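**Q** Coordinates only, no sequence provided:
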């Protein structure tokens, strides 16, 4: 913040150069900035909730070997983004980068894909958390208001959705109350991730009566998709990559929270790429521990191939409760961080007039947090997850996996567009204090190619019943991720040609508006 003499801090001065006043409270340390990306990546969430995707589509090979290989490719994407986060430390983050590098039209499309991805990740994380919490409450035999001990698939889906609603409400309240509280909880979350992984790995090493062999964990292939095994390497195994790619989403939070971070030009890029690196190592260790404990194959496959049946069959009830409790708390931290990052994106995009009703979404409360942007995020997250109320014939929430695909597709499209623009600009780009030097040429190129491949992969059907022209096609199994992506792209394009190309001019200079950010600004403060 400004000192008492009214002079601008170096962070405020840099923000002013980008055209913005310091509106949000700049109270986050570099560690807090790192912690929020670590929290949203959350290996206690992604590694548990989408474990079944890799188990069924690829098997142990997709987990033990796929994770480290894909993590390295993700790190190249993160390093490419970190260079841009240093150059443009704003809450708008990714779409501001696209505007600066390619112009207003690039900013428009990038911003909307980023917004879709951030809302979808909030939905996916909190729904996954609700699903795990449902399993935990079932282990405890809880039957109060809702019956969590039931084996009825339909009842389980409805119970999970009710928990999902409660978790979303909790996260909205925390984010509305105080940015300082979110920052504090994120710092706690970082240590919870570290301690939690160590405890879980220890339990999975010493708790089970037996373990799988090294050859099984690093060499066994599985295809539970229903598709022919002839396509294992080129179709089945890539579907399992969703485990890694979905887990590594949301790390753009370090960029979105840069206006609230001290020394943002250095702290934001460092927080972004180090969160990926630490999560890559910790996640691999965690996944190996889970996979080595997977000895009751028939029961695991019957339970859907996820992490929960592995834990329940490998451990005593008490130890299983401990592992799932640790994971659920980590997922709660993750969802809280997702709402924080998404709401800042809505605030920044609305500040520049890109979101319908923008004058409402960019308002700040007395704590200088964007209350209405938080509500915008949680309501839309709730709406896009409604199809999860209706499972497929086996009672599985196929819609949840579709939402994880939407998250991955939306965010990675937004991530790679400004990276492509930076790569296209070449030596004309003037980097910030943290940069890749000449290495940007190969780092950017590999990142771009990889993301294009991933977008194609995650738009594909995951079971034969999801293939529209197959005789056994069922809408309950359909992967609606590509439909949502195409509809969004068309909708954004139609909005652009219908008038946004005249009304949206890119980032608005709030620095030139004397009313913006003042305590008595009625346009910013909600009416009590």
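**A** Happy to help now that I have it. For clarity, every value in this text was computed on a predicted model and none was experimentally measured. Numbering: from 1, shown residues only.

**Q** SS state for residue 250?
**A** Classification of residue 250 by DSSP: H, G, I helix; E, B strand; the rest coil places it in coil.

**Q** Distance check, it against residue 479.
**A** From residue 250 across to residue 479, the span is 21 Å (CB to CB, to the nearest Å). C-beta coordinates here come from the backbone N, C-alpha and C atoms, glycine included.

**Q** More neighbours: which of these two?
**A** Neighbours around residue 250 and residue 479, counted as other CB atoms under 10 Å, are more numerous at residue 250. The numbers are 31 against 21.

**Q** Surely the more buried one and residue 120 touch.
**A** No - if you go by CB atoms under 8 Å, residue 250 and residue 120 don't touch, sitting 10.3 Å apart.

**Q** Which neighbours do those two have in common?
**A** Taking CB atoms under 8 Å, 6 or more residues apart in numbering as the criterion, residue 250 and residue 120 both touch residue 411.

**Q** count of neighbours near residue 443?
**A** Using other CB under 10 Å, residue 443 has 21 neighbouring residues.

**Q** do the one 4 residues further on as well
**A** By other CB under 10 Å, the residues close to residue 447 number 26.

**Q** May I have the phi/psi pair for residue 244?
**A** Main-chain dihedrals, residue 244, degrees, to the nearest 10: phi -70, psi -50.

**Q** which one is residue 312 nearest to, not counting chain neighbours?
**A** Leaving aside its sequence neighbours, residue 312 sits nearest to residue 320 (CB to CB, 6 or more residues apart in numbering; 5.2 Å).

**Q** quick one: the one you found and residue 54, what's the gap?
**A** 21 Å.

**Q** Which one's more surrounded, the two?
**A** Higher neighbour count among residue 320 and residue 54: residue 54, with 28 against 21, using other CB under 10 Å.

**Q** tell me the secondary structure for the more buried one?
**A** Under three-state DSSP, residue 54 comes out as helix.

**Q** Can you get me a residue count around residue 325?
**A** For residue 325, the neighbour count with other CB under 10 Å is 16.

**Q** How is it assigned, secondary-structure-wise?
**A** Residue 325 - assigned by three-state DSSP - is helix.

**Q** Am I right that residue 469 is in a strand?
**A** No - counting by three-state DSSP, residue 469 is not part of a strand but coil.

**Q** Quick check: phi and psi at it.
**A** Dihedral angles (degrees, to the nearest 10) for residue 469: phi -90, psi 0.

**Q** That one: how many residues sit nearby?
**A** Counted with other CB under 10 Å, residue 469 comes out at 5.

**Q** how much space between it and residue 454?
**A** According to CB to CB, residue 469 stands 24 Å off from residue 454.

**Q** any chance you could map the strands in the stretch 1-150 of the chain?
**A** Here the stretch 1-150 of the chain has its strands, by DSSP state E, counting those that start in this stretch, at 57-58, 143-144, 146-147.

**Q** just so I know, which of those lies nearest residue 300?
**A** With CB to CB, the closest approach to residue 300 among the strands of the stretch 1-150 of the chain belongs to strand 57-58: 14.6 Å.

**Q** tell me the SS of residue 225?
**A** Relying on three-state DSSP, one would call residue 225 coil.

**Q** Contact partners for residue 279?
**A** So residue 279 contacts 38, 41, 43, 247-248 (CB under 8 Å, 6+ apart).

**Q** Can you tell me the SS state at residue 432?
**A** Going by three-state DSSP: residue 432 is coil.

**Q** What is the neighbour count of it?
**A** That count, for residue 432 with other CB under 10 Å as the rule, works out to 18.
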